[in-house]
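Visitor: here's a sequence, model it:
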Amino acid sequence: MCRVSLNLSAQQLQDPELSSRFGHWLAGRQIDGSQIHIEITESTLLNSNSTMLDNLDRFTRDGIALWLDDFGTGYSGLRHLRELPVAGLKIDKSFVDRLESDLDDFRIVSAITAMACSLGLKIVAEGVETEAQMQMLSQLGCTTLQGYLIGRPAPLDSLQQTWASQPIS
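Guide: Numbers count the residues shown, from 1 in each chain. Below is the predicted model of the structure:
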C-alpha cells in the first residue's frame, strides 16, 4: 500500500474545521484514511489546545496515523507518547548523520529505537545516506528508512512510471 505523509504546522492544527474538511475531501475521493500519515513535530505539541487535540483525535478516528517528526530534537515530552494516539516516530537526520562517528548519537538512536519498539510504535530513520548507516540502523531494529540511499527526489511523472512498473511492498 502506498502512503502519503503530510506535515502539518501548529497554525494549521488550530483550524477547528481542518479535520472535518480533510475527512470530507478524503471521502469525496474515496481515499482510505489508512493511506495517510500526519506528521507533526514535538514542538507543535508544546502549545496544544483543545482544538488541536480535537483535530488529532478526529484524524485518528478516520484511520489516519499520527507520527512525531524529527523525534528527539525538540521538547521530547514522553507524555505525548502516552496521551496521544501516536503511531510512529521519525528519528531526526541529525542523529543519523553522526551515527557512525558519535557514540552519543548512536546511543540516542539505540534508545529511541528500543523505546519505540517497547511501546509498539513504528519507527523511521530520516536522512539515511550510506550503507553503513543502513546496516547500523537495521542492527538496532530500525528497518524503515528515508534518505538519498533509498531514493532521491524525483518529478511526479517519474515516480508514477516507477510505481507502475514495480510492485510496492
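Visitor: all contacts plus neighbour counts: C-alpha atoms, from now on.
Guide: Will do.
Visitor: quick one, longest helix in the protein?
Guide: helix 103-118 (DSSP state H).
Visitor: continuing past it, what's the next helix or strand?
Guide: strand 122-125 (DSSP states H and E).
Visitor: note down every partner strand of that next one and its orientation.
Guide: Strand 122-125 pairs in its sheet with strand 86-91 (parallel), strand 144-145 (parallel), by DSSP bridges.
Visitor: average pLDDT across the last one?
Guide: In this case it means strand 144-145. Mean pLDDT, strand 144-145: 92.
Visitor: pull the distance from the helix or strand just after that strand to the chain's centre.
Guide: Per DSSP H and E, strand 144-145 leads on to helix 156-165 as the next helix or strand towards the C-terminus. Its chain's average C-alpha position is 23 Å from that of helix 156-165, according to Cα atoms, centre = their mean, to the nearest Å.
Visitor: average pLDDT for helix 156-165?
Guide: For helix 156-165, the mean per-residue pLDDT is 74.
Visitor: pull the helix or strand with minimum mean pLDDT from the protein.
Guide: Scoring the helices and strands of the chain by mean pLDDT, DSSP states H and E places helix 156-165 at the bottom, with a mean of 74.
Visitor: re the thing from before, need the winner for burial among the strands paired with strand 122-125.
Guide: Per residue and on average, the most neighbours among the strands paired with strand 122-125 fall to strand 86-91, with a mean of 23 (mean count of other Cα atoms under 10 Å).
Visitor: good, we can wrap up now.
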